[in-house]
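> Predicted model follows, preceded by the sequence.
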Amino acid sequence: MELILETERLILRKIAVADAETMYELNTDPLVIQFTGDGPFESVEATRQFIAERQQQYAIDGYGRWIAQRKEDGAIIGWCGLKFHPETNETDVGYRFFRKFWNRGYGTEACAATIQYGFKQLGLKRIYAEARMENTGSWRIMEKCGMRFSHKSTGCDGETVIYDMLAE
Ligand SMILES: CC(C)(COP(=O)(O)OP(=O)(O)OC[C@H]1O[C@@H](n2cnc3c(N)ncnc32)[C@H](O)[C@@H]1OP(=O)(O)O)[C@@H](O)C(=O)NCCC(=O)NCCS
């Protein structure tokens, strides 16, 4: 296991091919992917391939999305992490959790720690997050992490809000 960071209740670690079934399952819940703009994986095998590509991306960018696991029992609650966008030279923070773990503050806890890791360990200057307008839980996380509203945008999936934070 390649640990990235620890919070009071969670660890964030690099994704492994062995996580394929769990990640496949996460994206099969229509409510989980309701506002994310992507669909379910075609199969567990396709999920393995996706993970292999993400692992290569860790090596290229030095970071990526990480598995979030609960310390008390080792349960995988979902993922949270950073993503580099080469077309804009910018980094966003994203998160996605199994429904049974929603509304317990895990999203805010994981996102806040990820942002601090991005600034302090990776030396990033700006981190942003984007969510569909209807995705109240997501933009509440941004607000609770101290990100500020930047602007609205319109993607192919509808209207989004963009929040950001600058390194101090
Ligand atoms: C959005 C998501 C990450 C929130 O994670 P979470 O662990 O439930 O977040 P938290 O418990 O830290 O809660 C964040 C805040 O949003 C609120 N919230 C969460 N879901 C909400 C909803 N559906 N409607 C309104 N408020 C909501 C919580 O009450 C909390 O605010 P509060 O502390 O003022 O009460 C989670 O619902 C999820 O994984 N959704 C599916 C994937 C997704 O949409 N990812 C983001 C894509 S941009």
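Perfect, thanks for sending it. Numbers count the residues shown, from 1 in each chain.
> residues in contact with stretch 102-119?
Residues from elsewhere that reach stretch 102-119, judged by C-beta atoms under 8 Å, 6 or more residues apart in numbering: 4-10, 12, 63, 66, 68, 70, 77, 80-82, 91, 93, 95, 97, 124, 127, 129, 137-138, 141-142, 144-147, 165, 167-168. C-beta coordinates here come from the backbone N, C-alpha and C atoms, glycine included.
> near the ligand, which of those residues show up?
Of the residues in the contacts of stretch 102-119, proximity to the ligand by C-beta under 6 Å from any ligand atom holds for 95, 97, 137-138, 141.
> Select from the residues you listed the one having the most neighbours.
Counting neighbours by other C-beta atoms under 10 Å, Ile141 comes out on top of these with 25 neighbours.
> Would you mind naming the helix or strand containing that one?
For Ile141, the element it lies in under DSSP states H and E is helix 136-144.
> Parallel or antiparallel, list what pairs with the next helix or strand after that helix.
Downstream of helix 136-144, the first helix or strand assigned by DSSP H and E is strand 148-155. Using DSSP bridges, the strands paired with strand 148-155 are strand 158-166 (antiparallel).
> Show me what from the protein comes close to the ligand.
By C-beta under 6 Å from any ligand atom, the residues of the chain that approach the ligand are 32, 35-36, 78, 95-97, 102-108, 131, 135-138, 140-141.
> Recalculate using a threshold of 5 Å.
Taking C-beta under 5 Å from any ligand atom as the contact definition, the chain meets the ligand at 32, 35, 95-97, 102-103, 105-108, 131, 136-138, 140-141.
> relative to helix 136-144, how tilted is the helix or strand bottoming out on mean pLDDT in the chain?
Across the helices and strands of the chain, the lowest-confidence element by mean pLDDT, DSSP states H and E is strand 148-155, at a mean of 92. Here the directions of strand 148-155 and helix 136-144 differ by 150 degrees (axes from the mean of the first three to the mean of the last three C-alpha atoms, to 10 degrees).
> list the buried ones in strand 148-155?
In terms of neighbour count (16 or more other C-beta atoms under 10 Å), strand 148-155 has its buried residues at Ser150.
> Please apply the same query to stretch 15-31.
Quick answer for stretch 15-31 (16+ other C-beta under 10 Å): 15, 19-20, 22-27.
> If anything else comes up later, I'll come back, but that's it for now.
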